[in-house]
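Q: need a structure here:
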Amino acid sequence: MRFTAERIQDLPEIMTVDEAAAYLHVSRTAAYEAVKRGELPAVRCGRLIRIPRFRLEHWLRTGHDVANLRAVR
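A: A predicted model of the protein is given here:
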């Protein structure tokens, strides 16, 4: 798959693992393995795996998934 987004803002709001892999310049297999290990932030909808752009962007900046953040009381 050839993906031409150069900036994260150019990515779709919700992307496939293949799209995220292409943007990250890693193989499709490596991306699916990272999702399986919980290293790459993803959402499952039944058998479908999707990656929200805001979670990927936060993960790239901080190394942490926003889903693991807790509200401060």
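Q: Now do the longest strand along the chain: everything it contacts.
A: When the chain is scanned for its longest strand (criterion: DSSP state E), the result is strand 48-52. In this structure, residues lying in contact with strand 48-52 by Cβ atoms under 8 Å, 6 or more residues apart in numbering are 13-17, 19-20, 32, 35, 40-44. Placement of C-beta: from N, CA and C, glycine included.
Q: Buried among the residues you listed? Make that a ChimeraX selection.
A: To isolate in ChimeraX the members of the contacts of strand 48-52 that are buried, counting by 16 or more other Cβ atoms under 10 Å, one can use:
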select :15,16,17,19,20,32,35,40,41,42
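Q: Pick out the most distant pair among the contacts of strand 48-52.
A: Maximum pairwise distance among these (Cβ to Cβ): 20.8 Å, between 13 and 32.
Q: Show me the shaky parts of the chain.
A: Applying pLDDT under 70 to the chain picks out residues 1-5, 67-73.
Q: hang on, isn't residue 23 packed against residue 9?
A: No - Residue 23 lies out of contact with residue 9 (Cβ atoms under 8 Å); the separation is 11.5 Å.
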